[in-house]
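# The following comprises the amino acid sequence and a computationally predicted model.
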Amino acid sequence: MARDVAQPAVASGFHWRAVLTWMQQKLGDWPLFVLFAGPNLVLLALFTYWPLLYNAYLSLTSWDLIAPVKPFVGMANYRELALSAEFHTVLLNTAVFALGTVGGTTILGLALALLLNLRLRGRTLARAILFAPVLLSGAAISVFWINMLDPRYGLVSLPLRWLGLPVPDWLNSPHWAMVAVILVYIWQNTGFSMVLYLAGLQNIPNELYEAARIDGAGAVASFRHVTLPQLGPTTLFVLVVSVINSFQAFDLIKVLTDGGPVNATTTLLFYIYQQGFVAFNAGRAAAASIVLFVLLLGLSLLQLRLGERRVHYGS
Amino acid sequence: MAAKVWHVLRQLPWYSLMLVAVFAIGLPLFWVATGSLKTTREIYTFPPVWLPQHPRWDNFSAAWHAAPFGRFYLNSIIVTLADTAAKLFFALTTAYALVFLNIRGRNLVFLFVLAALFVPVQVTLLPNYLTVGRLGWINTYFGLIVPMMPVAFGTFLFRQHFRTLSREVLDAAVIDGCGHWRLLWDVVLPMSRPVAVTVGLLALVGRWNDFLWPLVVTNTVEMRTLPVGITYLYQVEGVQNWGPIFAGALFVMVPVLLLYIVAQRWIVSGISSGAVKG
C-alpha cells in the first residue's frame, strides 16, 4: 500500500497528506476527537447543561413566556413557593405518591421475586408477563385504566361489590384519586423492582446457603439469615431508583386525573408542567424545576454510590 | 409415588400465588385486548362480559378514522428511529473517542458526559421548549428529535465496555493499517454488540413511549406521536365509545409488545443492568 507516500492531491500542488501529517504531529488525536465526540458534547451542552443554567436564571424573573422583557425579581419566586399553601400541597402529594408507589412496588417486587425464584414450572412465562407493563406507554395504559376504574361498569369495582364494600368514584374523588393513580403506577412498575430483586437473588453465593444448611438452618432460618441480609444492598438500590422514577412520573397523572380533582394529584413535576405550559408562569415553573433538580441530584448521587456497592457485591 | 404427590402438594400454595400474580397483572391487558372487540353495549354491561359474543373488528377501523393514526404511526416511527440511531451513533463515537484517542483532559470530558446523567430531562423541559422556539422548531420533527439526541448514559455504558476490550486485538488492527474510523466499525463495534443492543433497545422503548416532550413541543394533531395521539382519541371519543379507544390503546402498545416477544431477554437484562427506564 502506498499509504505513507505523500501524493500531490490536486494540480495546484497543494499537499493534503503533508498537511494532515503536520496536523497529526502538532495536534495529535485532537481533530479526530472533536469529530467523534464533538457533536454529542455540543448537544449535551445545548440541551442538557444550558437548560439548567437558563432555568436558574428564569427562576429569578417573572415572565409569561411572551413579553419581550423578563423582569428580574430576585428570590421572589422561591419565597412565593415557600409560602404558598398550594405548593405545600404539591410537595405533600409528591411525598405521598413516592411513599405509596415505592412502598408498593418494592414490597410486591420483593415478594414476586422470591416467589419466582423458586423452581416452579412456568416461572419464565410468569416473569415475562409480570414485567410486560413496564414497557408500555403510560398514556395508553392510563386510557384503559380510566375504563377499569369507572365506578359504574369498571372491572375494579367488581371485587369491591362482591365484598359488599362501597365503590368510590376513584378518579373524581379528591380522597381516592391519589390512591387510584398510585395503584395504576404499582400495577405498571412492580415488574421493574421484581427484575432488580431477581438479579439480586441470583447474586447470592450458593456457598452461603450450603454453609447455613451445614449449620443446621432450615428454610426459614436460611431465608432470615442469608437471603434477607444479602438482599440489603439490592433493596437500598431499588428504593433509591424507585424514588427517582416516582418523582419523574407524568403520563399517568396527566391522563388519569390531569392533576385533579382540585390539585389532589398534582406532584412536583406536574406542577412544573402546569405552571410553565398552562399558567404561563415561567419564573415559578423554573423555580420549581430547580427544587426538583436538587431533590433528584441528591438521590442520583446516592444511587451512584449504591450502584457501585451493588456491583461489588455481585462480582 | 407418595413422595411425588407430597412434593406437588407442598408446591401448591406457591403455584396458586403465582397464578394470582399473573392474573392481577395480566387481567387489565386481557381486558383491553378483549374490550377492543366488544360492542359498546357489552362494555357497559355490569357484571362484565368477559368475552365478546361476536368480535367487532370495526373498532379498529373506527379508531383509525376517528384520529389520524396513520400520521401518529409515521411520526412515532420517524422520531423513534431517528433518535435511536442518533443515540447509538453518538454514544459509540463519543465513547470511542474517550477510550481510544489520546488527548489530554479526556477524563474531564468524560466527567462532562457523566454529570449530564444528573440532569433529568424533566428539569430541562421549559428551557428546551424556549430554545426550540427560538430555533423555529416548534411543531416540527427537528423539535421532536434533536433535543432528545444527546446521550450520556449510552456513552457511559459503551465506555465501560470498551475499557475491557483486549488491547492486543486493537493494536494488531492498528498495525494492519486500520484507521480509527474503520477500527470503530469493523473491530470495536462487533465486539460490543450486547452493549449496542442494550443502548438501542433502551432508546427505542423510551422514545416510543415518551409522552411529555411530544406533548409540549407539538401543537397540531398531525404532528402528535402515538402516546399523545391516544389521549387525543380519548378526548374526541369521550367515554361514550370505549371499543375504538381500546383499539387505539392497542395501536400504541402492540409494537412494543412484539419487540418484547422477540427481544425479551435483551430488554430485561438491559433495563435491569442500567436500572433506568427509557
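Now that the structure is in, tell me what you want to look at.
# Run through the residues of the stretch 151-278 of chain B sitting next to chain A.
Residues of the stretch 151-278 of chain B that fall close to chain A, judged by CB under 8 Å from any CB of the partner chain: B:151-152, B:155, B:177, B:180, B:205, B:208-209, B:211-212, B:215-216, B:226-228, B:230-231, B:234, B:239, B:242, B:245-246, B:248-249, B:252-253, B:256-257, B:260, B:264, B:267-268, B:271-272, B:275-277. Yep, even glycine has a C-beta here, placed from its N, CA and C like the rest.
# Among those residues, which are located in helices?
B:155, B:180, B:205, B:208-209, B:212, B:215-216, B:226-228, B:230-231, B:234, B:242, B:245-246, B:248-249, B:252-253, B:256-257, B:260, B:264, B:267-268, B:271-272 (DSSP state H).
# Emit the PyMOL select command for whichever of the residues of the stretch 151-278 of chain B next to chain A are buried.
In PyMOL syntax, the buried subset of those is picked out as below (16 or more other CB atoms under 10 Å in any protein chain shown):
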select buried, chain B and resi 151+152+155+180+205+208+209+211+212+215+216+226+227+228+230+231+234+242+245+246+248+249+252+253+256+260+264+267+268+271+272+275+276+277
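# can you list contacts of stretch A:149-156?
Residues outside stretch A:149-156 that contact it (CB atoms under 8 Å, 6 or more residues apart in numbering or on different chains): A:147-148, A:157, A:167-171, A:180, A:184, A:256, B:27-28, B:31, B:43-46, B:48, B:239.
# now stretch B:226-242
Residues contacting stretch B:226-242 (CB under 8 Å, 6+ apart): A:137-140, A:143, A:146-147, A:150, A:251, A:254-255, B:35, B:38, B:40, B:43, B:62-63, B:66-69, B:72-73, B:75-76, B:208-211, B:214-215, B:218, B:221, B:224, B:244-245, B:248-249, B:251-252.
# rerun that using 6 Å as the cut-off
A:137, A:139-140, A:143, A:147, A:255, B:43, B:66-67, B:72, B:76, B:211, B:214-215, B:244-245, B:248-249, B:252 (CB atoms under 6 Å, 6 or more residues apart in numbering or on different chains).
# Repeat that for stretch A:282-302.
Applying CB under 6 Å, 6+ apart, the set of residues contacting stretch A:282-302 is A:55, A:58-59, A:61-63, A:65, A:77-78, A:81, A:240, A:243-244, A:247, A:268, A:271-272, A:275-276, B:118, B:120, B:123, B:126.
# Okay, buried residues for that stretch please.
Those would be A:282-293, A:295-296, A:299-300, A:302, for stretch A:282-302 by 16+ other CB under 10 Å.
# Please, where are all the strands along chain B?
Applying DSSP state E to chain B gives no strands.
# now it, which segments are flagged as low pLDDT?
B:1, B:239, B:273-278 (pLDDT under 70).
# Provide a list of residues in contact with the closest residue to residue B:75 other than its chain neighbours.
The shortest distance from residue B:75 to any residue other than its chain neighbours is 4.9 Å, reached at residue B:225 (CB to CB, 6 or more residues apart in numbering or on different chains). Shown in contact with residue B:225 (CB under 6 Å, 6+ apart): B:75-76, B:79, B:214.
# And residue B:210, by the same measure?
By CB under 6 Å, 6+ apart, the contact set of residue B:210 is empty.
# do that again at 10 Å, thanks
A:137-139, A:251, B:76, B:79-80, B:83, B:121, B:144, B:148, B:225-228, B:278 (CB atoms under 10 Å, 6 or more residues apart in numbering or on different chains).
# want to try a markdown table for the contacts of residue B:225, with neighbour count and distance to residue B:162 as columns?
Below are these laid out as a markdown table (neighbours: other CB atoms under 10 Å in any protein chain shown; distance: CB to CB, whole Å):
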| residue | neighbour count | distance to residue B:162 |
| --- | --- | --- |
| B:75 | 22 | 34 |
| B:76 | 27 | 32 |
| B:79 | 22 | 29 |
| B:214 | 23 | 33 |
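# Among those, name the ones in helices.
Those of the contacts of residue B:225 lying in helices (DSSP H): B:75-76, B:79, B:214.
# tell me which element the spatially closest residue to residue A:186 that is not a sequence neighbour falls in.
Nearest non-adjacent residue to residue A:186, counting by CB to CB, 6+ apart: residue A:104, 3.9 Å away. Per DSSP states H and E, residue A:104 falls inside helix A:85-116.
# What average pLDDT does the helix or strand that that helix is followed by get?
Next along the chain after helix A:85-116, taking DSSP H and E as the criterion, comes helix A:123-131. Mean per-residue pLDDT for helix A:123-131: 94.
# From the contact counts, what lies against the following helix or strand past helix A:123-131?
Beyond helix A:123-131 on the C-terminal side, the first helix or strand identified by DSSP H and E is helix A:138-148. Judged by 3 or more CB pairs under 10 Å, 6 or more residues apart in numbering or on different chains; DSSP states H and E, helix A:138-148 is in contact with helix A:177-202, helix A:251-256, helix B:2-35, helix B:193-209, helix B:212-217, helix B:226-237, helix B:242-274.
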